[in-house]
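Trainee: Sequence first, then the predicted structure:
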Amino acid sequence: MTTVEPGGPAIDPAINHPTRLAVVAFLSACDEAEFAAVRGGCQVSDSMLSKIASALEAIGYLAVRKGYVGKRPRTWLSLTPAGREALALHVAALQGIAATARRSGAETSRS
């Protein structure tokens, strides 16, 4: 992770890309979601979501569960506790950046 301010929350390069961030944010709103629902909700292709899921699973941010609904294979995705924590810290870092920029802008406009 890259630290924005010493001791402050950090930007997480694993979820900094907008598409990865969208997938993680989507999954943060539910316990588990079917692959197709995530794909549709994030407006990504099967291959893009598959790559993102594999990468996030490899670092422990996402869990993948495979099973069947009737005879049809299905894949479900969910955030792990580490993934939820990473998202919270990432969002806090982004909010910190925005707050610092707003303060700087306000100070500049007063001078």
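Mentor: Here it is on my side, so go on.
Trainee: which residues in the chain form strands?
Mentor: Residue ranges of the strands in the chain, as given by DSSP state E, are 2-3, 10-11, 33-34, 62-69, 72-79.
Trainee: Dump those strands into TSV; add mean pLDDT, distance to A101 and mean neighbour count as well.
Mentor: For glycine as for every other residue, the C-beta is placed from the backbone atoms N, C-alpha and C. Below are the strands of the chain laid out as TSV (pLDDT from 0 to 100; distance: least, C-beta to C-beta, whole Å; neighbours: other C-beta atoms under 10 Å):
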stretch	mean pLDDT	distance to A101	mean neighbour count
strand 2-3	43	17	10
strand 10-11	89	14	16
strand 33-34	98	33	16
strand 62-69	97	31	12
strand 72-79	97	28	16
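Trainee: Out of those, flag the one nearest F26.
Mentor: The closest of these to F26 is strand 33-34. By C-beta to C-beta, the value is 7.0 Å.
Trainee: name the helices or strands packed onto the closest one?
Mentor: Using 3 or more C-beta pairs under 8 Å, 6 or more residues apart in numbering; DSSP states H and E as the contact criterion, the secondary-structure elements in contact with strand 33-34 are strand 72-79.
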